[in-house]
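[1] Give me the fold of what follows.
(one chain, ligands or ions: 2)
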Amino acid sequence: MHNTLSVQPLTAAAFAAFGTVVEVPRGGAGRPINGGTSQRFDLLADMALTAEGGRPMLALFRAQARRFPHAVNELERHALGSQTFVPLGQRRFVLVVAPAAPEPDLGALAAFMTDGTQGVVLAPGTWHHALLAVDAGDFVVVERAAQAVDCDVVRWEQGISVVIPA
Ligand SMILES: NC(=O)N[C@@H](O)C(=O)O
Ligand code: NI
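    Ligands and ions are numbered 1, 2, ... in the order given. Prediction:
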């Protein structure tokens with residue numbers, strides 16, 4: 001396993017194994033609503049936020065800008081629900097993800113950077129690093145809340161350096 005991981009641009013296709021990209025679908029024709037004054041794009045029919053007595057929670061994260069290269073030595077997952085991040089205003093963030101599995105497969109680790117306008121819905125169980133903002137600022141977060149905390153964390157010794165290519 002390499003100790004560096006280069007960030008790639010976030011696209012719906014590349015991110016499909018990890019979740020959904022919140023953006024107007026490329027080439028997708030929206031459905032006219034509100035008397036044709038808006039176009040509606042349905043992106044995800046089920047946000048998976050109510051399993052085992054869970055309920056949808058809306059939060060705001062006021063994030064500091066992180067420095068890159070960034071050494072990653074832990075991942076977390078929310079096995080019972082999705083987690084959505086949408087920037088308020090133009091601000092980029094980096095996603096470090098591995099497919100949902102009982103343990104993270106670091107050989108399948110991937111890193112993406114948003115274009116500043118995109119958000120993401122992490123699918124339930126997707127291993128991810130907690131929010132890594134490239135540009136400081138506020139992010140809307142929608143996640144499953146329940147009596148019991150749903151957050152498994154795996155840590156390892158040697159950090160993997162996440163690099164944003166010049
Ligand atoms: N800790 C927290 O609320 N956020 C994390 O789950 C995250 O993915 O940023
Ligand atoms: Ni999380």
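
[2] and this structure, which residues reach ligand 1?
    Glu76, Gln83, His128, Ala130, Leu131 (CB under 6 Å from any ligand atom). C-beta here means a position set from N, CA and C on the backbone, and glycine is covered the same way.

[3] tell me which residues in the biggest strand by length in the chain are buried?
    In the chain, taking DSSP state E as the definition, the longest strand is strand 152-163. Under the neighbour-count criterion of 16 or more other CB atoms under 10 Å, strand 152-163 has Ile160, Val162 buried.

[4] could you say what helices and strands that strand packs with?
    strand 4-6, strand 70-77 (3 or more CB pairs under 8 Å, 6 or more residues apart in numbering; DSSP states H and E).

[5] Output the ones you listed as a markdown table; include the columns mean pLDDT.
    Shown next, in a markdown table, are these (pLDDT from 0 to 100):
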| stretch | mean pLDDT |
| --- | --- |
| strand 4-6 | 98 |
| strand 70-77 | 98 |
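
[6] residues touching the residue of the chain positioned farthest from its centre, list them.
    Centroid-distance maximum for the chain: Gly35 at 33.2 Å, with CA atoms, centre = their mean. For Gly35, no residue meets the contact criterion (CB atoms under 8 Å, 6 or more residues apart in numbering).
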